[in-house]
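>>> Sequence unavailable; structure follows:
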């Protein structure tokens, strides 16, 4: 089978067909116009649902069968339980035992806990995965062992794909920390509390059949209803749907590395010097050790200036919650809670608000929240001299990370990547990134331990720092410095086989990942 | 133009076409199966919306023109401001001045304050109205003066019609007590606070263009966002969008009429004797004087029994809020706030929850809340000996009321109509109702000042009251009693011209209203 390749707007060769469906090459930021109408699910009728609102089914197997489980369909799950999810493996163990084949698994992300699904990729139960593959599943795909091509989308891109009908979900299985028999559900309470269920919103709205699975069943009404029971077909009560200590992200400690602390301090100083930190500003940073340190420095500056941030975007964690409670930040608009303090705050504080990929990131909506952000702090595995960045592959070529909201956040007003110049003596800044996940025109500033590079297209920022003592350098200077330390990096070597496609926020293909040469 | 009529399942003659669109006659409760898929709005793209999220337009006229205002389109509004709305009249004054013709106005309801729109029905700006016509507009239609046929739908039926594409909204104008420039909006705060905006949900989700008009603009983010800015095209700031004292319903006083109080007490006693008032039960009653008295009696019984209601459905008011705050009721699930205490409670109390016609009433969903209710208290202008009931016309034939959530609520487990035997010496219980809005099979109990009639199909209720001292009678006995007092009522006289159609919850036509003979 030979597949036709065409060059896209960032110079990458893209197949015109992926998994038997036409693929559109990336045309440039804002250049692709969608045509047509949103995906339209079948009209349901109350006649087909129980009069008393009780949709309880005896078990997941029964519900899957009732929902029309058969060969070749698409089953979706969400990743709010992160590495503590007990539901996805259970689904595919059931489908395997029933002899069902060639399923497409459409998680909002997969984690190392889903390694057992490799067996089901081997035995034919699962044909391929469309969704982030963090760790083992990505490595398996990079070895060329998955039958179909993986498709990676950002959080917003996943919503877009479902809304537009690019992906049609046959059965959505939504693990819910609390639910009622009607199917109303939330993530705020119960032994598997994960905060919110926003990643499952599209699934609930557009899937043909929706199954809620919970280990905390409450009488109607489950308040609040982050997921509307009016979209739900069946409700399952299980003993345990998640491992609480693994639901919460383990990365929530402020870095102690002097280099990383220096990067964090430089980042905060840059934001201050350029006037980005001002009354009513907004910011988003992640939950990594450096990001947390940046948040800490932001807090100090906010306190010193006697101002307030209008809002911060989560993933929330205890540090962000402290800023909210201290009054440094008026609102947290949160896409996923990263620790129990985040969950508690969202449950108790009306100013800690759950969001979804629809509100925050969907590029095929009437706007979204991402471009409203003043300061966006993001990571990258690699950045090139044109400011293009990579978040999915390592420099050895292996696909080991998802995109998350990263691509969507690039639309923020000032996108800053605080990154070390090298990791494990492998340069992070290079001539060319292994995989392009975001075009350089959207990335404004690179902050490293040895200097700050501003994207030349941001003359306004250049102007603002010109009289400062900030260590401003060109991206080429930074690249030369790291190559002096680590040497010129080797390029990863690949075979021709495409193992995954990286979608842009508008559904076009910005790059592909190939099988790593053994 | 002759129109073909066919007899529907309740024996009424129904046209096969209404306003040039095919009409389906009512087939019986639960008998009509929808086919096809939900209405699919065009796919939008962020490329077409401002980068900074600021969708402010200078004024309503500009926004209407930008949104594609032209002859023959459909413009929708909501009625959360009830008789204090200042927006609908403004819209049609603008369209009139622009010379636009033949618009369809699709309000969730109209009120006496909209009487000026009669001028626009006369001058051709508005072709016809689909939506409840309370008062003057209904009288105008009943006089045969509206060009098109009015179409009345329940709250749930309106959601169904929009979701299914029976009605395609070109421009939705959503008056919002608070909004941000992105279009996020709520009804909780601001000088025109009305509580919630649920009646506009379908409009926001499915209209081609959505305009938010507010007199309380706040910086992004407007929290909570009862309406998602992601559905919004333009935002308008006006000085005043509603008259606060008229936004709040004036009917919220407990009746002082001895007859009505007697009816209320009998109703509560019936619910108690039959065991419907028990721990964890649920109820919905209205905001009329008798309903409020019933709520009061319910409160007493709940207190005496030391139990709790799991939830009550609003229209909320200060009496229901007191029950919530006293702990007699765990949750209020509210479709519209009827007074300022309702607004305050919804703003402050997380157990006072805003709902929408989607969650509560949409018959073409995967279930809705209505059938979960244990006790539903409703009114009627007329009831016949087969328990069929009328809520839209008076016995003189004039169309003066909307359906509201009335039809949807008929799906509750025990539907009770506490009504006087006569009003203004005109019998309420009669051989045949002027207009059938709800089929008798869904109406369980009629409570009057002279006795209680149980629908013969509810043998279980018959059984439960047989040893009680409740004044149980047949509906025929009640009819005979009222005719002894008032005489046999005259039937309203009509001409042949159909002036309005009454839709059932599934989009079929249950009855029509004809021009009143002068």
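That came through fine. Worth saying up front: this structure is predicted, and the values here are computed from it rather than measured.
>>> What residues does the closest residue to residue A:69 other than its chain neighbours make contact with?
In space, and not counting its chain neighbours, residue A:69 is closest to residue A:100: 6.0 Å by C-beta to C-beta, 6 or more residues apart in numbering or on different chains. In short, each C-beta sits where N, CA and C put it, glycine included. Shown in contact with residue A:100 (C-beta atoms under 8 Å, 6 or more residues apart in numbering or on different chains): A:69-71, A:125.
>>> mind running it again at 10 Å?
Contacts for residue A:100 (C-beta atoms under 10 Å, 6 or more residues apart in numbering or on different chains) come out as A:64-65, A:69-73, A:75, A:92, A:94, A:124-126.
>>> Let me have these in CSV, extended by secondary structure.
Shown next, in CSV, are the contacts of residue A:100 (DSSP: H, G, I helix; E, B strand; the rest coil):
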residue, secondary structure
A:64, helix
A:65, helix
A:69, coil
A:70, coil
A:71, coil
A:72, coil
A:73, coil
A:75, strand
A:92, helix
A:94, helix
A:124, coil
A:125, coil
A:126, strand
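>>> hmm, back to that, using just helix, strand and coil, how would you label the residue nearest to residue A:69?
coil.
>>> how near is it to chain B?
Residue A:100 sits 24 Å away from chain B, going by C-beta to the nearest C-beta, to the nearest Å.
>>> avg pLDDT for the top strand by length along chain A?
The residue-count maximum for a strand in chain A (DSSP state E) belongs to strand A:494-503. Computed over strand A:494-503, the mean pLDDT rounds to 98.
>>> So which bits of that strand are buried?
A:494, A:498-503 (16 or more other C-beta atoms under 10 Å in any protein chain shown).
>>> That one - contacts with which helices or strands?
strand A:13-15, strand A:17-18, strand A:126-129, helix A:136-142, strand A:150-152, helix A:155-163, strand A:509-516 (3 or more C-beta pairs under 10 Å, 6 or more residues apart in numbering or on different chains; DSSP states H and E).
>>> at 7 Å what do you get?
Secondary structure elements in contact with strand A:494-503, counted by 3 or more C-beta pairs under 7 Å, 6 or more residues apart in numbering or on different chains; DSSP states H and E, are helix A:136-142, strand A:150-152, strand A:509-516.
>>> Can you give me every residue that contacts residue A:181?
A:53-56, A:217, A:220, A:235 (C-beta atoms under 7 Å, 6 or more residues apart in numbering or on different chains).
>>> For it, which non-adjacent residue is closest in space?
For residue A:181, the spatially nearest residue (C-beta to C-beta, 6+ apart) is residue A:54, at 4.4 Å.
>>> since we're on that neighbour, how many residues are nearby?
Residue A:54 has 15 neighbours, counted by other C-beta atoms under 10 Å in any protein chain shown.
>>> Report how many residues lie close to residue A:360.
The number of residues near residue A:360, taken as other C-beta under 10 Å, comes to 26.
>>> For chain B, see how far away it is.
Taken as C-beta to the nearest C-beta, the span from residue A:360 to chain B is 9 Å.
>>> Need the phi and psi values for the residue lying closest to that residue once chain neighbours are set aside.
What sits nearest to residue A:360 in space, not counting adjacent residues and going by C-beta to C-beta, 6+ apart, is residue A:369, at 4.5 Å. Main-chain dihedrals, residue A:369, degrees, to the nearest 10: phi -80, psi -30.
>>> what pLDDT does residue A:369 get?
pLDDT, residue A:369: 98.
>>> What distance do you get for it to residue A:444?
From residue A:369 across to residue A:444, the span is 18 Å (C-beta to C-beta, to the nearest Å).
>>> And these two? Which one has more around it.
The neighbour comparison of residue A:369 against residue A:444 (other C-beta under 10 Å) goes to residue A:369, with 31 against 23.
>>> sorry, back to before: for the residue nearest to residue A:181, give its distance to residue A:218.
To residue A:218, residue A:54 is 13 Å away according to C-beta to C-beta.
>>> How about the residues of the stretch 351-500 of chain A by chain B?
Selection of the stretch 351-500 of chain A residues close to chain B by C-beta under 7 Å from any C-beta of the partner chain yields A:351, A:353, A:358-359, A:362-368, A:371-372.
>>> So which of those residues wins on neighbours?
Highest neighbour count within these, by other C-beta under 10 Å: residue A:362, with 31 neighbours.
>>> quick one: the spatially closest residue to that residue that is not a sequence neighbour from chain B, how far?
Distances taken as C-beta to C-beta, 6+ apart put residue A:159 closest to residue A:362, at 4.5 Å, once the chain neighbours are dropped. Distance, residue A:159 to chain B, using C-beta to the nearest C-beta: 10 Å.
>>> you'd agree residue A:159 is up against residue A:363?
No: taking contacts as C-beta atoms under 7 Å, residue A:159 lies outside contact range of residue A:363: 8.8 Å.
>>> In chain A, what helix or strand scores lowest on average pLDDT?
When the helices and strands of chain A are scored by mean pLDDT, DSSP states H and E, helix A:244-247 comes last with a mean of 84.
>>> Check the offset of that one from the chain's centre.
19 Å (C-alpha atoms, centre = their mean, to the nearest Å).
>>> quick one on the thing from earlier: so what's the residue nearest to residue A:69 scoring on pLDDT?
For residue A:100, pLDDT reads 98.
>>> Repeat that for the one 3 residues further on.
Each residue has a pLDDT score; the one for residue A:103 is 98.
>>> On the strand side of things, show who it bridges to.
When assigned by DSSP bridges, residue A:103 has beta-bridge partners residue A:126.
>>> isn't it right next to residue A:73, touching?
Yes: using C-beta under 7 Å, residue A:103 is in contact with residue A:73, at 6.3 Å.
>>> neighbour count winner among the two?
Remark: of residue A:103 and residue A:73, residue A:103 carries more neighbours, 26 against 19, as counted by other C-beta under 10 Å.
>>> so who does the most centrally placed residue in chain A touch?
Against the mean C-alpha coordinate of chain A, by C-alpha atoms, centre = their mean, the closest residue is residue A:404 at 1.5 Å. Contact analysis of residue A:404 by C-beta under 7 Å, 6+ apart lists A:132, A:154-155.
>>> Contacts only, for the residue in the stretch 201-350 of chain A that chain B sits nearest to.
Using C-beta to the nearest C-beta, residue A:230 is the residue of the stretch 201-350 of chain A that sits closest to chain B, at 4.4 Å. Residue A:230 is in contact with B:358-359, B:362, B:365-368, counting by C-beta under 7 Å, 6+ apart.
>>> Residue A:380 looks like it's in a strand, true?
No: counting by three-state DSSP, residue A:380 falls outside a strand, being coil.
>>> Please name the spatially closest residue to it (chain neighbours excluded).
Using C-beta to C-beta, 6+ apart, the nearest residue to residue A:380 is residue A:389, at 4.1 Å.
>>> per-residue confidence at residue A:248?
You'll see residue A:248 listed with a pLDDT of 76.
>>> which stretches of chain A have low pLDDT?
Scanning chain A for pLDDT under 70 picks out the ranges A:1-2, A:249-252.
>>> Kindly report the domain assignment for it.
A:34-247, A:258-495 (automatic domain parsing).
>>> Which one of those domains lies nearest to residue B:8?
domain A:34-247 (17.7 Å; C-beta to C-beta).
>>> in the stretch 1-150 of chain A, which spans are helices?
In the stretch 1-150 of chain A, the segments counted as helices under DSSP state H, counting those that start in this stretch are A:60-66, A:87-97, A:117-122, A:136-142.
>>> Let me have these in JSON lines, adding distance to residue B:187 as columns.
As requested, these are exported to JSON lines (distance: least, C-beta to C-beta, whole Å):
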{"stretch": "helix A:60-66", "distance to residue B:187": "37"}
{"stretch": "helix A:87-97", "distance to residue B:187": "37"}
{"stretch": "helix A:117-122", "distance to residue B:187": "46"}
{"stretch": "helix A:136-142", "distance to residue B:187": "46"}
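>>> Many thanks, I have nothing further to ask.
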